[in-house]
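Engineer: predicted model and sequence follow; I will ask about them next.
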Amino acid sequence: MEQFYNKEKLIFSIILSAIIFCFTPIVVFANDDNDDSMFKLGFHGFVNSEVSYDTRQVVAGRQGNILLYPAPENFDPDGNDINDNPDLTYFAMSTRLWTSIHGPEILGAKSYAHIEGDFMGTAPDIFHHIRLRHAFIRLNWENSEILAGQFWHPLFITDCFPGVINFGASVPVHVLNRAPQLRFNYNYEGLSFIGTVLTHSDFAATGPDGPGTKYTRNSGVPESFFQTIYTGNTLTTGTSIGYMTLMPRTETPSGYKTDETIGSLMGNLFLKLDLSSVSIKTQGIYGENMTHLVMLGGYGETDYIDESRQIRGYSGIRTMSLWTDVETTGDNWRFGLFGGYTENLGSEKEITGDDWGRGTDIEYVYRVAPRARWIHDNFSLNLEVIYDVAAYGEPDNKFRFEETNEVGNIRTLLTMRYDF
């Protein structure tokens, strides 16, 4: 525990030093007064004050800040649902700071670095602690770009994600993940071809020992993605496809070595229209074992490959998701509506051993969330009402459902935000 806090103090000192340095009125010249040969530093962020009220208990992260879905019914001996109880939360942990650094040319490329953090912490019981969100280097040539460091997962499309007010980008209907990666982007007449290899960080897959990075590290294979994106004057559209390999165990319960892995395919299709008075975004997502993306699903053990050594195979639980987000583009008032649906599609093979995942007792979740914003310069007041329904049931060995029971919740969220 002492080692953990020493590390946290070190991280805090580094960020604090960066903040002080950014406020110091210094410009460092490499050679002369040419703008292309000097460092330009900026300090930005926002303070976000949020209060939410749920009509029943919910499954959520960071003291309720990251809303997933309503908690299941839990009846006491008298038949009363223990989870049918409201929840009121006030928080400011999504407050954010970042530093941008524009540097001199490197190998003919414009150089840029970015460091960003908030106070969300890195685990359910670790909040109000400094967390690294982004830390990357970007080299940009005329038609190509290299990005190295921690950045959004390729399935999180920075030009096409839900514009909701609630923190978390509408998980589990949409993905949420930042990961250490190496990304190459080539642009040609509005088309971008992007290849990415990545590993896991605090957004990690789960397995026999709980969530952690060991399952990707043990596999020795990075998660890999390829994307094609078209960007026009009013239209942005594209598709992504990727593959992840995990090695859940290196040792069987009986002490024998195992190197069995599970591979998972995932991808998306997306579209964004920027019209004169409204922005429309829509996306479809499909994949197996997407718990590291804060979505439904997971994986489990199939029948024995070698029963005497307790070596098993694995099978992924598939998930699909569809969502649409619409928002007006006024200067002072903006109104939006998000609607989304995600479903557990089950496993191709029977899962007869242990299983690991998120919401594996849920067949589907749907969400409808209208919102309104009042914006004045760098200050905004934001109101959002989120209606969630989760269909709980008892899955079979392929994690498919015959009967489910819908449980609903309404969250009312009010935020006050100051950007700088």
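Structural biologist: Structure received. Numbering: from 1, shown residues only.
Engineer: what's the next secondary structure element after the helix or strand harbouring Asn185?
Structural biologist: Using DSSP states H and E, Asn185 falls within strand 178-188. Using DSSP H and E, the helix or strand that follows strand 178-188 in sequence is strand 191-198.
Engineer: helices or strands up against that next one?
Structural biologist: Secondary-structure packing of strand 191-198 (3 or more C-beta pairs under 8 Å, 6 or more residues apart in numbering; DSSP states H and E): strand 178-188, strand 223-231. Backbone N, C-alpha and C define where each C-beta goes, glycine included.
Engineer: now the strand holding Asn185 and strand 223-231, what's the angle there?
Structural biologist: Orientation of strand 178-188 against strand 223-231 (axes from the mean of the first three to the mean of the last three C-alpha atoms, to 10 degrees) gives an angle of 40 degrees.
Engineer: now do the buried residues in strand 178-188.
Structural biologist: Arg178, Ala179, Pro180, Gln181, Arg183, Asn185, Asn187 (16 or more other C-beta atoms under 10 Å).
Engineer: tell me the secondary structure at Asn218.
Structural biologist: helix (DSSP: H, G, I helix; E, B strand; the rest coil).
Engineer: need the contact list for it.
Structural biologist: Asn218 is in contact with Leu246, Met247, Thr250, counting by C-beta atoms under 8 Å, 6 or more residues apart in numbering.
Engineer: wait, doesn't the last one sit right on Asp259?
Structural biologist: Yes - judged on C-beta atoms under 8 Å, Thr250 makes contact with Asp259 at a distance of 7.2 Å.
Engineer: before we move on, the earlier item: reformat the helices and strands packed on strand 191-198 as a markdown table; add distance to Arg217 and mean pLDDT.
Structural biologist: Output for the helices and strands packed on strand 191-198, formatted as a markdown table (distance: least, C-beta to C-beta, whole Å; pLDDT from 0 to 100):
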| stretch | distance to Arg217 | mean pLDDT |
| --- | --- | --- |
| strand 178-188 | 12 | 97 |
| strand 223-231 | 12 | 98 |
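Engineer: JSON lines for these, including distance to Gly79?
Structural biologist: Listed next are the helices and strands packed on strand 191-198 as JSON lines, based on distance: least, C-beta to C-beta, whole Å:
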{"stretch": "strand 178-188", "distance to Gly79": "44"}
{"stretch": "strand 223-231", "distance to Gly79": "46"}
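Engineer: who wins for proximity to Ile280 among those?
Structural biologist: Among these, strand 223-231 comes nearest to Ile280, with 15.5 Å by C-beta to C-beta.
Engineer: what comes into contact with stretch 407-418?
Structural biologist: Residues contacting stretch 407-418 (C-beta under 8 Å, 6+ apart): 46-56, 58, 67, 69-73, 165-166, 378-392.
Engineer: so for that stretch, what gets flagged as buried?
Structural biologist: Buried-residue list, stretch 407-418, by 16+ other C-beta under 10 Å: Val407, Asn409, Arg411, Leu413, Thr415, Arg417.
Engineer: in strands, which of those fall?
Structural biologist: Among the buried residues of stretch 407-418, the residues falling in strands (DSSP state E) are Val407, Asn409, Arg411, Leu413, Thr415, Arg417.
Engineer: now do the helices in the chain.
Structural biologist: With helices called from DSSP state H, the chain shows them at 2-23, 214-219.
Engineer: Pro222 is in contact with Gly195, isn't it?
Structural biologist: No - using C-beta under 8 Å, Pro222 is not in contact with Gly195; the gap is 11.4 Å.
Engineer: still on that earlier bit, which one of the buried residues of strand 178-188 is nearest Thr199?
Structural biologist: Once C-beta to C-beta is applied, the member of the buried residues of strand 178-188 that ends up nearest Thr199 is Pro180, at 5.5 Å.
Engineer: okay, Pro222 and Gly195: which has more neighbours?
Structural biologist: Higher neighbour count among Pro222 and Gly195: Pro222, with 20 against 14, using other C-beta atoms under 10 Å.
Engineer: my guess is Leu246 contacts Asp259. True?
Structural biologist: No - using C-beta under 8 Å, Leu246 makes no contact with Asp259, being 11.8 Å away.
Engineer: count the neighbours of Thr348 for me.
Structural biologist: Not Thr; residue 348 is Glu. Count around Glu348 with other C-beta under 10 Å applied: 12.
Engineer: contacting residues for it?
Structural biologist: Ser315, Arg318, Lys398.
Engineer: list buried residues within those residues.
Structural biologist: Among those, those scoring as buried are Ser315, Arg318 (criterion: 16+ other C-beta under 10 Å).
Engineer: which of the contacts of Glu348 fall in strands?
Structural biologist: Ser315, Arg318.
Engineer: okay, buried residues for stretch 313-320 please.
Structural biologist: Here stretch 313-320 shows Tyr314, Ser315, Gly316, Ile317, Arg318, Thr319, Met320 as buried, counting by 16+ other C-beta under 10 Å.
Engineer: need these in CSV with pLDDT and distance to Gly232, can you?
Structural biologist: Shown next, in CSV, are the buried residues of stretch 313-320 (pLDDT from 0 to 100; distance: C-beta to C-beta, whole Å):
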residue, pLDDT, distance to Gly232
Tyr314, 98, 42
Ser315, 98, 41
Gly316, 97, 36
Ile317, 98, 37
Arg318, 98, 33
Thr319, 98, 31
Met320, 98, 28
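Engineer: hmm, Gly340 is touching Ile285, no?
Structural biologist: No - contact criterion C-beta under 8 Å: Gly340 and Ile285 do not qualify, at 10.0 Å.
Engineer: spit out the residues that contact those two alike.
Structural biologist: With C-beta under 8 Å, 6+ apart, Gly340 and Ile285 have common neighbours His174, Ser321, Leu322.
Engineer: and the spatially closest residue to Gly108 that is not a sequence neighbour, backbone torsions?
Structural biologist: Leaving out its chain neighbours, the residue that sits closest to Gly108 by C-beta to C-beta, 6 or more residues apart in numbering is Trp141, at 6.4 Å. Per-residue torsions, Trp141: phi -100, psi -170 (degrees, to the nearest 10).
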